[in-house]
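Visitor: Have a look at this prediction, sequence included:
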Amino acid sequence: MTSDISYTTEEIAKLLKISKLTVYDLIKKGILPAYRVGKQMRIDAVDLETYKAQAKGGRPAVFNSGPIERSAMIGNPVSGTVNRSLVITGQDVCLDLLARYIESNIPGFRALRSYVGSMDSLISMYRGEADIVSTHLLDGDTGEYNLPFIRKLLVGLSYMVVNLVSRTAGLYVRQGNPKRITGWTDLNRPELRIVNRERGSGARVLLDEQMRMHGIPRQRINGYEHEETNHLSVAGKVASGEADIGIGVEKTAQLVGGVDFIPLINERYDLVMLKTPDNLQWIEQVRQIIRSERFRNDLYHMQGYDTSLTGQVLLET
């Protein structure tokens with residue numbers, strides 16, 4: 001029965017031949033109804049067929065925004081009607097914590113998580129497809145994190161940049177470091193195999209900037225085209241012996257056995273929020289959550305995060 005079938009956002013994106021961020025945008029605007037089961041968003045087949053039928057007829061799909069069962073979503077149950085979804089992009093687990101806090105403390109809002117890299121996150125914000133984006137992009141010329149990229153990509157928009165956490169980035173190596181790897185210059189050793197991250201991710205930008213600053217051509221790097229889409233997969237490839245080096249953050253190394261971590265840089269993990277009239281109220285509430293002692297304590301107990309700048313406004317236009 002069609003009424004018993006539901007799809008994930010990834011499946012909807014493939015069926016409609018659109019990006020997953022576009023799917024989230026349809027959900028955010030109330031055009032495509034969705035609900036959360038655990039950590040996964042689901043769309044019923046009947047709602048998908050309704051959307052397709054109305055789209056073919058040149059009419060926007062309109063659905064009633066009735067009460068949503070909050071117990072099926074991230075966070076503690078909160079009574080009331082969900083009037084607005086907030087799309088939060090990025091992969092760090094501290095964003096899942098933020099999503100739970102938003103749903104528990106801001107009535108009428110639900111958090112949708114989109115697991116995309118830093119550059120794609122900023123592009124999705126420019127297109128109006130995301131509400132809170134995370135970024136950790138190093139500008140090698142200035143040594144500054146995030147702000148140079150944000151200024152270039154969000155031209156003409158009004159926004160606020162707030163620090164969420166700082167964290168240590170560096171290299172994953174096999175346990176015991178049998179290849180005696182010490183830093184970025186070891187990338188120049190042709191016998192070493194690396195596992196890379198996808199284009200647009202903060203780890204990929206970090207690698208490319210270090211290669212540029214150290215004069216290491218990508219043609220010399222064995223495995224440069226071998227891409228994984230998250231830190232856990234990168235660390236796993238190193239642990240299994242499929243690669244000698246991976247780029248990532250220290251917290252992931254603590255979760256994966258068989259991997260040692262070489263700390264090389266302290267990176268700032270910031271949030272960007274657009275300052276539109278409709279957003280100003282929830283932006284202030286999100287800032288209050290981030291600055292709260294309870295939220296910071298939860299970050300502290302998760303370990304691997306520096307919260308000395310957490311909640312600080314770094315740039316406001």
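Guide: Everything's here; your move. Numbering: from 1, shown residues only.
Visitor: going forward, measure contacts between C-alpha atoms and count neighbours the same way
Guide: Fine.
Visitor: State the helix or strand in which D47 lies.
Guide: Following DSSP states H and E, the helix or strand that holds D47 is helix 45-56.
Visitor: Determine how far that helix lies from the middle of the whole chain.
Guide: 29 Å (CA atoms, centre = their mean, to the nearest Å).
Visitor: Output the lowest mean pLDDT helix or strand found in the chain.
Guide: Between all helices and strands in the chain, the lowest mean by mean pLDDT, DSSP states H and E belongs to strand 35-37, at a mean of 74.
Visitor: Are there helices or strands packed against it, and which ones?
Guide: Helices and strands touching strand 35-37, by 3 or more CA pairs under 8 Å, 6 or more residues apart in numbering; DSSP states H and E, are strand 40-44.
Visitor: what helices or strands is the strand it packs on leaning on?
Guide: strand 6-8, helix 9-16, strand 35-37.
Visitor: Which of these sits closest to L86?
Guide: L86 lies closest to strand 35-37 among these, at 13.3 Å (CA to CA).
Visitor: Identify each buried residue in the closest one, please.
Guide: Neighbour counts over strand 35-37 (16 or more other CA atoms under 10 Å) mark 35-36 as buried.
Visitor: Which strands border it, and is each parallel or antiparallel?
Guide: strand 40-44 (antiparallel) (DSSP bridges).
Visitor: Who are the contact partners of N146?
Guide: By CA atoms under 8 Å, 6 or more residues apart in numbering, the contact set of N146 is 135-139, 268, 270.
Visitor: For L187, see how far away it is.
Guide: 24 Å (CA to CA, to the nearest Å).
Visitor: try R212
Guide: 12 Å.
Visitor: neighbour-wise, which of these two wins?
Guide: L187 (24 against 13; other CA atoms under 10 Å).
Visitor: which residues of the stretch 1-150 of the chain score low on pLDDT?
Guide: Across the stretch 1-150 of the chain, residues meeting the criterion (pLDDT under 70) sit at 1-4, 38-39, 57-82.
Visitor: cutoff 50 now
Guide: Across the stretch 1-150 of the chain, the ranges flagged by pLDDT under 50 are 1-2, 60-79.
Visitor: what's the domain layout of this protein?
Guide: Structural domains annotated on the chain: 1-64, 168-267, as defined by automatic domain parsing.
Visitor: quick revisit: the helices and strands packed on strand 40-44 into JSON lines, with extra columns for distance to L48?
Guide: Below are those laid out as JSON lines (distance: least, CA to CA, whole Å):
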{"stretch": "strand 6-8", "distance to L48": "9"}
{"stretch": "helix 9-16", "distance to L48": "8"}
{"stretch": "strand 35-37", "distance to L48": "13"}
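Visitor: ends of stretch 36-54, how far apart?
Guide: Termini of stretch 36-54 sit 24 Å apart (CA to CA).
Visitor: and it, which residues are buried?
Guide: Quick answer for stretch 36-54 (16+ other CA under 10 Å): 36, 41-45, 47-48, 51-52.
Visitor: and what of stretch 270-280?
Guide: Quick answer for stretch 270-280 (16+ other CA under 10 Å): 270-275.
Visitor: Just the closest of the buried residues of stretch 36-54 to K237, please.
Guide: The closest of these, once distances to K237 are taken by CA to CA, is M41, at 28.3 Å.
Visitor: Is that closest one bridged to anything, and to what?
Guide: The partner residues for M41, given DSSP bridges, come to R36.
Visitor: Nearest the geometric middle of the protein, what residue?
Guide: G90 (0.4 Å; CA atoms, centre = their mean).
Visitor: Next up, the contacts around it.
Guide: 113-118, 121, 133-135.
Visitor: ok so, going back, same list, the contacts of N146, but as a markdown table with distance to Y126 and secondary structure please.
Guide: As requested, the contacts of N146 are exported to a markdown table (distance: CA to CA, whole Å; DSSP: H, G, I helix; E, B strand; the rest coil):
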| residue | distance to Y126 | secondary structure |
| --- | --- | --- |
| T135 | 14 | strand |
| H136 | 17 | coil |
| L137 | 16 | coil |
| L138 | 20 | strand |
| D139 | 20 | strand |
| R268 | 21 | strand |
| D270 | 16 | strand |
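Visitor: Would you reformat those residues as TSV and include distance to G30?
Guide: Putting the contacts of N146 into TSV (distance: CA to CA, whole Å) gives the following:
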residue	distance to G30
T135	26
H136	30
L137	32
L138	35
D139	37
R268	33
D270	28
